[in-house]
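structure for this input, please:
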Amino acid sequence: RKKNYSPLWKSQLPAIDSEVALGFLDLIEVKFVSAFLDKGVSWPMIHRVREKAAELYPEVSHPFCTKQFVTDGRQVFVDVHNATGDATLLEIATSQHVFAGITRPFLKQLEFKGGTILERWWPLGTDRNVVVDPRKNFGQPTIVTEGVPTRVLAESVKANSSVEEVARWYEIKPQCVKEAVEYEQSLAA
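Here you go, the predicted structure:
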């Protein structure tokens, strides 16, 4: 028997022409859910975690957009600090504390202002040039230093077939053009 679940969160933006519109925090929530599904976390577990997160962080509209959540593929944990100020992990569905030594690959792509407020997403990693920043280029994926949207660079390469030529046109490094193409190809996959 299938169970019907309510939506995981309320969108930041109203529908546009009867179509769903996503804001930056919505996008990151979708990426969060996708990352957890990819690690093997079930939909029922994600819903339980989201309900618990809403209880833990009632002042936050998109709690998955905080720098708190990680998974081992079966369970979801939230970073908490105990009375001594030490970081620990709390398995959110059962409220059991566990050790904090699990990997955080998706969280490493996110940049937080003041350590807690989500500011930017580095989809290829923070050591690369592609960034999604809701304050720049209307949140389009962009080459961080030059501000050129990745879509523009990738389409230019597709039309011209030369990374070096496109880099010369936009006066940017060929590596930035290659990363823009890589990112745009990852969206098509």
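
what helix or strand does the spatially most central residue of the chain sit in?
Residue closest to the average C-alpha location in the chain (C-alpha atoms, centre = their mean): Ile28, at 3.7 Å. Here Ile28 is covered by helix 24-38, with elements defined by DSSP states H and E.

who are the contact partners of Pro134?
Pro134 is in contact with Gly23, Phe24, counting by C-beta atoms under 8 Å, 6 or more residues apart in numbering. From N, CA and C alone the C-beta is placed, and that goes for glycine too.

what part of this structure, helix or strand, is modelled with the least confidence?
Within the chain, confidence by mean pLDDT, DSSP states H and E is lowest for strand 96-98 among all helices and strands, at a mean of 51.

may I see the buried residues of the following helix or strand past that one?
Helices and strands here follow DSSP H and E; after strand 96-98, the next one along the chain is strand 110-113. Judged by neighbour count using 16 or more other C-beta atoms under 10 Å, the buried positions of strand 110-113 are Leu110.

what's strand 110-113 in contact with?
Here strand 110-113 has contacts from Ile28, Lys67, Leu118, Glu119, Arg120, Trp121, Trp122, Thr126, using C-beta under 8 Å, 6+ apart.

now the element after that strand, going C-ward?
With elements assigned by DSSP H and E, the helix or strand that comes after strand 110-113 is strand 117-121.
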